[in-house]
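**Student:** Generate coordinates for the sequence data below:
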Amino acid sequence: MSESVAGENETCPRIGFFGAAGTVTGSRYLLEHGRQRLLVDCGLFQGYKKLRERNWNNPGFEPAGLSAVVLTHAHLDHSGYLPRLCEGGFRGPIFCTPGTRDLLQILLPDSGFLQEEEARNAARFGYSLMRCPNRSTLASRRSAASSKCAPFPSTLSSP
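**Tutor:** Numbers count the residues shown, from 1 in each chain. The predicted structure is shown next:
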C-alpha cells in the first residue's frame with residue numbers, strides 16, 4: 001500500500017495505490033479531490049497465502065469516508081473486497097455497468113460460499129487458527145455489497 005500525491009496544492013487531485021502495486025491482484029485506487037473520495041476498483045488479493053492475508057489488513061483508508069466506488073469490471077481481483085468495504089462502514093453507491101452489476105450478483109455469493117467452505121475445511125482439518133465463519137453474517141455482507149450497485153449515469157456510459 002502506497003500513496004502518491006499529484007501535488008501539494010489543495011486544488012490538485014491526489015491518487016493513492018492500495019492494491020495491485022507490486023502485484024497484479026487486489027486492485028484499489030483512491031482518487032481524492034476536495035472533499036470527494038472515489039475508490040476505483042475494490043479487489044481481493046488472490047494467489048499466494050501472503051497475498052491473501054492482505055485481505056484481512058486495514059485497507060489503508062477509511063471506508064466510511066468514501067463518496068463512491070467505481071468498478072472497471074467484475075473480476076474478483078477488482079470487486080471481491082466490496083463486502084469487507086461495506087462491513088468497514090462504506091455506505092455510498094457503487095457505480096458499474098449493468099453487465100458488471102449482473103455478474104456481481106453471481107460472483108460475490110459464489111466467491112463467499114467458496115471462502116466459507118475453505119474456512120470450514122481449514123478449521124476441520126486443523127490448518128487454520130481461525131474459527132468457522134458465521135454463514136448468515138457473511139451472506140448479509142455480500143448481499144449488502146451487491147445491492148449498492150448502480151449503473152453509471154447515462155452521461156458516463158460507454159456507447
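**Student:** burial measure for residue 84, as a count.
**Tutor:** As a burial measure, residue 84 scores 17 neighbours (other Cβ atoms under 10 Å). To be clear about C-beta, it is placed using only N, CA and C from the backbone, and glycine gets the same treatment.
**Student:** and residue 22, what helix or strand is that in?
**Tutor:** Here residue 22, judged by DSSP states H and E, is contained in no helix and no strand.
**Student:** OK, contacts around it?
**Tutor:** Counting by Cβ atoms under 8 Å, 6 or more residues apart in numbering, residue 22 touches no other residue.
**Student:** Would you mind measuring from it to residue 107?
**Tutor:** 25 Å (Cβ to Cβ, to the nearest Å).
**Student:** repeat for residue 70
**Tutor:** Counting by Cβ to Cβ - residue 70 and residue 107 are separated by 17 Å.
**Student:** Sort out which residues of the helix or strand where residue 114 lies are buried, please.
**Tutor:** Using DSSP H and E, residue 114 sits within helix 98-125. Neighbour-count burial for helix 98-125 flags 100-101, 103-105, 107-109, 111-112, 115-116, 119 (criterion: 16 or more other Cβ atoms under 10 Å).
**Student:** do stretch 59-71 as well
**Tutor:** 59, 61, 63, 66, 68-71.
**Student:** so of those residues, which ones are in strands?
**Tutor:** 68-70 (DSSP state E).
**Student:** Next, format those residues as TSV and append pLDDT and distance to residue 87.
**Tutor:** TSV is the format used below for these (pLDDT from 0 to 100; distance: Cβ to Cβ, whole Å):
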residue	pLDDT	distance to residue 87
68	96	17
69	96	14
70	96	20
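**Student:** out of the residues you listed, who's nearest residue 39?
**Tutor:** residue 69 (4.7 Å; Cβ to Cβ).
**Student:** how far away is that closest one from residue 102?
**Tutor:** Counting by Cβ to Cβ - residue 69 and residue 102 are separated by 17 Å.
**Student:** same deal with residue 11?
**Tutor:** 38 Å.
**Student:** again with residue 71
**Tutor:** 12 Å.
**Student:** Can you list the low-confidence ranges for the protein?
**Tutor:** For the chain, the stretches with pLDDT under 70 are 1-10, 128-144, 146, 152-159.
**Student:** Contact partners for residue 65?
**Tutor:** So residue 65 contacts residue 37 (Cβ under 8 Å, 6+ apart).
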